[in-house]
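Participant: Output the structure for:
(chains A and B)
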Amino acid sequence: MRVESNISRNAPADGQQEHWDGEASTGHVLKPGELDLSHNVILYLDDITVSFDGFRALNKLSLQIDAGELRCFIGPNGAGKTTMMDVITGKTRPDSGKAFFGQTIDLTRMTEPQIAHAGIGRKFQKPTIFENHSVFENLELALKTDKRVKKSLFARLFGDDLDKIADTLRQIRLTDQADRPAGLLSHGQKQWLEIGMLLVQDPKLLLLDEPVAGMTDDETERTAELFVSLKGKHSLMVVEHDMAFVEALGGKVTVLHEGSVLAEGDLATVQADQRVIEVYLGR
Amino acid sequence: MRTPVTVKLFAGLGPKGWFAVALAALVGWVLVPMAHLLLPEGHPLHVSTYAITLIGKILCYAVVAVAMDLIWGFGGILSLGHGVFFALGGYSFGMYLMRQIGREGSYQSDLPDFMVFLDWKELPWYWSGSDHFLWALFLAVAVPGLIAWIFGYFAFRSRIKGVYFSIITQALTYAAMLFFFRNETGFGGNNGFTDFKRILGYSITAPETRLVLFGLSVALLLGALILGRVLIASKFGKVLTAIRDSESRVMFIGYNPLHYKLFIWTLSAMLCGLAGALYVPQVGIINPSEMSVANSIEIAIWVAVGGRGTLIGPVLGAGIVNLSKSWFTTSFPEYWLFFLGLLFILVTLYLPQGVVGAWAKLRSRKAVAPAAPALAPSVKAVAATEPELPAGSAAKGASA
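Facilitator: Sure, this is the predicted structure:
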């Protein structure tokens, strides 16, 4: 509730200005459940620790993602990248530490569907789509809408929804596959479909776990283009081993090792870091 | 902007479906009663009372099979305790039938015979109102629904799935059976309810009463099929099958599977309850053996034999298994369970999609290859018949 002096510097002036009305002395009004980006930070992880049977998958992990940022995560196997995404999406509860979405939304107290509604979308390492549903239906189910039982019983698609699905199909280049069962797509196309399912949800923050694994070079390139175009409107966290892809995305890179941040910076700086080289090349 | 329900119904079923429904209604409501009442016994087309009762019974089983398919075939939740909901519906309605006996029981008392035998002086509180037809009918739906809702809420909230869920449902029906076996429970102990005389004042053995019950069974089955069809075609149905195929993905796109599972689970139990309420007056008895574990497993076998995830499959399955059961139990009674076990093994090994799946496969094989997808009734059938594409053949290596 404090007034931060740097807020006007970071925040887009118009949208945020409303919050100040009548609250000039104490700060802006908090709207419960709504994403508060007043400090221009979309995700805070603070001192997160997760252990499985004594093994510390995450060890006092702390990091921040800025609104609109595209951040890549690299690190050897077992560094805690997937566990980090599990914590953010509510699949795993941390033993200790804080995870906040914006200034106010405490992720450690929410269920997976609640977190999805708050605006965090996730793509899994292995493409998980509904194989028996058509490509179109996959997108229809993911579409941002009221997802309670009562609404689903009588739900119909309207013009806006159809437009949105058609746009997304074009974006992920699956327009001519729309009526095929998703299970019949190629591996790369499944990855694209899952990315499309994230996009129709219109999330503020996208978590993408190895999005280009199993894609052809051409598909990888197009994926990089797509992600770069999403930057700004959405915030993205990408876990990837493919350095060429990470380079194509640009932006900051965070190196995870043994459950905490080892190094952070642009790719060239990180790659020149002696500790990073040691971790990757072995001791 | 909501579509009227009737329009939705028509869209959901299609002209072919409505033709089938009309045909079934014609047979069930007109042809069979005429063949039973108008044709003399001995006429080759005469339908005997035995046949009416047998088919009426199988129709009730078919409703249970459809209810089972909604949760298992479409929701991916295998219940091995569905018999309990069927029996609860049967008992609820059986209470009414017991009260209709009036003073014509062996002890000529206002109380049902078994209560006189136990030396009870008045009806227990939960029997109050049981002399009202509508109240009994309400209980037949509400009791299974309520029990299913409470049980399902805790089971699904704790994310109990797969074989663990199946095992607790078995425990549920077994516990209920032991509870109903006790005389003190007030439901006739191991004899249950029988010797019914009347329903709504009409003699329960009169051919007309039997035909009405038969017609109602036909109606209930058709209603269950139409309801199932509309549900599955709706977005709800798509979410339900999505939960079956990949529950975590469903959660991460913002659906809470708990409410979806709970809805279909409770609905399924209520359908079973209604089927039980129609079953009891037709067979004339309800006792705790309906809640035995074996009975509930048999329900799963009907669905597996007919074809999971199709609506007509369970109806066929219930028919095939029960007709062979009544033939076996009269011809070779001691071999019935062996045959049932064998049937289940053979179906699992050779007909994983059941009779309906095998039929669809046969048809798509006959059709010329390029035209094949056109006749597929559902996405599922296509997926089952077309070979899987090699995943990521042109892909570069995945993660190190």
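Participant: going forward, measure contacts and count neighbours with C-alpha atoms only.
Facilitator: OK.
Participant: List the residues that contact the closest residue to chain B within chain A.
Facilitator: Residue of chain A nearest chain B, by C-alpha to the nearest C-alpha: A:Pro113 (4.0 Å). Applying C-alpha atoms under 8 Å, 6 or more residues apart in numbering or on different chains to A:Pro113 gives the contacts B:Met251, B:Phe252, B:Ile253, B:Gly254, B:Tyr255, B:Asn256.
Participant: Validate this expectation: it resides in a helix.
Facilitator: Yes - counting by DSSP: H, G, I helix; E, B strand; the rest coil, A:Pro113 is located in a helix.
Participant: Need phi/psi at the spatially closest residue to it that is not a sequence neighbour.
Facilitator: With C-alpha to C-alpha, 6 or more residues apart in numbering or on different chains as the criterion, A:Pro113 has its nearest non-adjacent residue at 4.0 Å, and that residue is B:Gly254. When read as degrees, to the nearest 10, the backbone of B:Gly254 gives phi 100, psi 10.
Participant: Now go through the contacts of A:Pro113 and say which are in helices.
Facilitator: Counted as lying in helices by DSSP state H, out of these, are B:Met251, B:Phe252.
Participant: The most centrally placed residue in chain B and chain A, how far apart?
Facilitator: Geometric centre of chain B, nearest residue: B:Val64, 0.5 Å, by C-alpha atoms, centre = their mean. Separation of B:Val64 from chain A (C-alpha to the nearest C-alpha, to the nearest Å): 22 Å.
Participant: Would you confirm that that residue contacts B:Leu274?
Facilitator: No - if you go by C-alpha atoms under 8 Å, B:Val64 and B:Leu274 don't touch, sitting 9.1 Å apart.
Participant: Report the contact partners of B:Arg265.
Facilitator: No Arg there; residue B:265 is Trp. By C-alpha under 8 Å, 6+ apart, the neighbours of B:Trp265 are B:Ile71, B:Ala148, B:Trp149, B:Gly152.
Participant: export these to TSV and tack on neighbour count?
Facilitator: Output for the contacts of B:Trp265, formatted as TSV (neighbours: other C-alpha atoms under 10 Å in any protein chain shown):
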residue	neighbour count
B:Ile71	26
B:Ala148	22
B:Trp149	19
B:Gly152	22
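Participant: For chain B, which segments are assigned as strands?
Facilitator: Along chain B, counting by DSSP state E, strands occupy B:193-194, B:198-199, B:202-203, B:285-286.
Participant: ok, the second one: who's next to it in the sheet?
Facilitator: Sheet partners assigned to strand B:198-199 using DSSP bridges are listed as strand B:202-203 (antiparallel).
Participant: average pLDDT for the strand it pairs with?
Facilitator: For strand B:202-203, mean pLDDT rounds to 93.
Participant: Stretch B:357-369 now?
Facilitator: Averaged across stretch B:357-369, pLDDT comes to 79.
Participant: can you pull the buried residues of that stretch?
Facilitator: Across stretch B:357-369, burial judged by 16 or more other C-alpha atoms under 10 Å in any protein chain shown covers B:Gly357, B:Ala358, B:Ala360, B:Lys361, B:Ser364.
Participant: Same question for stretch A:52-63.
Facilitator: For stretch A:52-63, the buried set under the neighbour-count rule, 16+ other C-alpha under 10 Å, comprises A:Arg56, A:Ala57, A:Leu58, A:Asn59, A:Lys60, A:Leu61, A:Ser62, A:Leu63.
Participant: Return the subset of the residues you listed lying in strands.
Facilitator: Judged by DSSP E, the buried residues of stretch A:52-63 include A:Arg56, A:Ala57, A:Leu58, A:Asn59, A:Lys60, A:Leu61, A:Ser62, A:Leu63 as members of strands.
Participant: Please name the residues that touch B:Met291.
Facilitator: Listed by C-alpha under 8 Å, 6+ apart, the contact set of B:Met291 reads B:Gly81, B:Gly83, B:Val84, B:Ala87, B:Thr173, B:Tyr174, B:Ala176, B:Met177.
Participant: tell me the contacts of the first one?
Facilitator: When contacts are counted by C-alpha under 8 Å, 6+ apart, B:Gly81 touches B:Ser166, B:Thr169, B:Gln170, B:Ala171, B:Leu172, B:Thr173, B:Met291, B:Val293, B:Ser296, B:Ile297.
Participant: filter those to the buried ones?
Facilitator: Going by neighbour count (16+ other C-alpha under 10 Å), these have B:Ser166, B:Thr169, B:Gln170, B:Leu172, B:Thr173, B:Met291, B:Val293, B:Ser296, B:Ile297 buried.
Participant: Can you pull the poorly scored residue ranges out of the stretch 301-400 of chain B?
Facilitator: The model of the stretch 301-400 of chain B has pLDDT under 70 over residues B:368-400.
Participant: Off-centre distance for stretch B:95-106?
Facilitator: Averaged C-alpha coordinates place stretch B:95-106 at 28 Å from its chain's average position (C-alpha atoms, centre = their mean, to the nearest Å).
Participant: Oh, that last question was meant for stretch B:184-192, not what I typed.
Facilitator: 24 Å.
Participant: In PDB, list the C-alpha atoms belonging to that stretch.
Facilitator: Below are the C-alpha coordinates for stretch B:184-192, written out as PDB (Å, rounded to 0.1, in the frame of the first residue of the first chain):
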ATOM      1  CA  GLU B 184     -32.500 -53.600  12.600                       C
ATOM      2  CA  THR B 185     -31.900 -51.400   9.600                       C
ATOM      3  CA  GLY B 186     -35.600 -51.700   8.900                       C
ATOM      4  CA  PHE B 187     -35.500 -52.800   5.300                       C
ATOM      5  CA  GLY B 188     -36.400 -56.400   5.700                       C
ATOM      6  CA  GLY B 189     -32.900 -57.800   6.300                       C
ATOM      7  CA  ASN B 190     -31.800 -60.500   3.900                       C
ATOM      8  CA  ASN B 191     -35.300 -61.100   2.600                       C
ATOM      9  CA  GLY B 192     -35.700 -57.600   1.500                       C
END
